[in-house]
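Enquirer: Here is a sequence with its predicted model. Questions after.
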Amino acid sequence: MIELLNAHFVPVYTSNEDYGERGSAPAEEKKALRRIYEEALAKKLSTGTVHVYVLTPMGEVIDSRHVAKACEKGEVERLLESVTAKLKTPAGQPIVKPRPQSRPKDAGADSLVLHVTARGRGCSWDEFPSESWIVLETSEQAKLLPAAGTAPGASWTIDRSIAEKLFTHFYPQTENNDASPKRIESISLSARLLEPASPAAPGVQRARLEGRVRLKHAFYPGRDDGRVVDATAVGYMDLEPARAGGGGKVRKLRLATQKATYGPGTIDVAVRETRTD
Amino acid sequence: MLRSFLVVLAVLMPLSTVCPLDRIGDSDLAAWVDQQVRDWQPKPEEKRFDEIGWAVDIREALRLGKEHGRPVFLFTHDGRMGVGRC
């Protein structure tokens, strides 16, 4: 299917969150989707919100499939092959160069960009992990750091707003993608400066991180099914401590769940920095 | 008696050194965390979606389709397919 799409089609996907009435997609985009939907309807083709539509090079709807039908083995391949045969579309290179679809939002050079992977085990679809991106600006990184002059062995509590930014993405694949920190029932994240036994670089210190979160997260949006994520996590961060006249910096931050449950199953969540300098 | 105790100890010792549910010592922390982070990253076979050359939006897909004589494949969905949140 990948080869067929790349060789004969211009593939595109849209999120209904963006294209709905209150969505962030431009009005012209919403209009374009509406036109496709209505044209399919007028041609008595199948229509829906989770749906495959195929259009001719001139933009006319030529075929469609409901997602349930499209998920049947070989169905999409047959659809693509029939359209290719009908239109006699020659094979070629992908029109758009493939690139990772999971990307961080734009971040400044001094931002700390964190990638979150969450895997459900027995409480989700499980086949794929879900990903999230967190960007901590310089002022937010400062809230992770110890006070100037903190000695090895000393502990401090991480600012709640930063702990929320990290832990609010601790949930597996679900129909509900509300990642609001308002879901958090309890949370804690603390750090302890370690002895600089093997510093990553001169002037860099390592701190141990330990945290816990409990957050409500319904599997389906708008349905209160009582499901919660209950997770403990440990990790570390390598930091340049704040000094007089200098703000300090986080160079590396990693967290992994030790024990995490969601509904009837468990989840594994990993947080890692995506660039260091 | 002592032998039985040592057998039990021998069985439990390795478990206690790898079991992540107990407290992880400072000296083992980075190695343990790095291992979990590595193990849980998306694997190439889970990222085949990225092998497709997706247009950024509908208007761009239509423009490119017209320009290159290619049909457009559109999938509309709930959630964020690109990050596995759907």
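Expert: Thanks, I have the structure now.
Enquirer: what comes up buried for the helix or strand bottoming out on mean pLDDT in chain A?
Expert: Within chain A, no helix or strand scores below helix A:67-70, which has a mean of 88 by mean pLDDT, DSSP states H and E. Residues of helix A:67-70 classed as buried: A:A70 (neighbour count, 16 or more other C-beta atoms under 10 Å in any protein chain shown). (C-beta placed from N, C-alpha, C; glycine too.)
Enquirer: Same check on stretch B:40-59?
Expert: Residues of stretch B:40-59 classed as buried: B:40-42, B:47, B:49-50, B:52-55, B:57-59 (neighbour count, 16+ other C-beta under 10 Å).
Enquirer: hmm, it touching chain A?
Expert: Yes - Stretch B:40-59 reaches chain A (C-beta under 8 Å from any C-beta of the partner chain) through B:40-42, B:46-59.
Enquirer: for A:G20, phi and psi?
Expert: phi -70, psi 180 (degrees, to the nearest 10).
Enquirer: Could I get the pLDDT score of it?
Expert: You'll see A:G20 listed with a pLDDT of 89.
Enquirer: now swap in B:V18 and tell me
Expert: B:V18 is given a pLDDT of 42.
Enquirer: picking up where we left off before, list the ones among the residues of stretch B:40-59 next to chain A that fall in strands.
Expert: Among the residues of stretch B:40-59 next to chain A, DSSP state E puts none in strands.
Enquirer: Among the residues you listed, which are located in helices?
Expert: If you go by DSSP state H, these have B:W40, B:I58, B:R59 in helices.
Enquirer: pLDDT added to the residues you listed, as TSV?
Expert: Shown next, in TSV, are these (pLDDT from 0 to 100):
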residue	pLDDT
B:W40	97
B:I58	98
B:R59	98
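Enquirer: Tell me the one of those residues nearest A:K30?
Expert: B:I58 (9.2 Å; C-beta to C-beta).
Enquirer: thought the closest one was touching B:L74?
Expert: Yes - between B:I58 and B:L74 a contact is recorded at 6.7 Å, counting by C-beta atoms under 8 Å.
Enquirer: what sits in contact with each of these two?
Expert: A:V12, A:T14, A:I36 (C-beta atoms under 8 Å, 6 or more residues apart in numbering or on different chains).
Enquirer: so of these, which ones are in strands?
Expert: A:V12, A:T14.
Enquirer: Could you pull up phi and psi at A:I162?
Expert: phi -80, psi -40.
Enquirer: what does A:L253 give?
Expert: Backbone torsions of A:L253, given as degrees, to the nearest 10, read phi -150, psi 120.
Enquirer: A:G235 is in contact with that one, correct?
Expert: Yes - in this structure, A:L253 is within contact of A:G235 by C-beta under 8 Å, at 7.0 Å.
Enquirer: Can you check which residues contact both of those two?
Expert: A:L209, A:V271.
Enquirer: okay, those two: which has more neighbours?
Expert: Set A:L253 next to A:G235 and count neighbours by other C-beta atoms under 10 Å in any protein chain shown: A:G235 wins out with 29 against 23.
Enquirer: Against A:L209, how distant is that one?
Expert: When distance is defined by C-beta to C-beta, to the nearest Å, A:G235 is 4 Å away from A:L209.
Enquirer: Now for these two: what residues contact both?
Expert: Shared contacts of A:G235 and A:L209 (C-beta under 8 Å, 6+ apart): A:L253, A:L255.
Enquirer: which ones are touching the closest residue to A:V67 other than its chain neighbours?
Expert: Once flanking residues are discounted, A:V67 sits nearest to A:V50: 4.4 Å by C-beta to C-beta, 6 or more residues apart in numbering or on different chains. Neighbouring residues of A:V50 by C-beta under 8 Å, 6+ apart: A:N16, A:H66, A:V67, B:T76, B:H77, B:D78.
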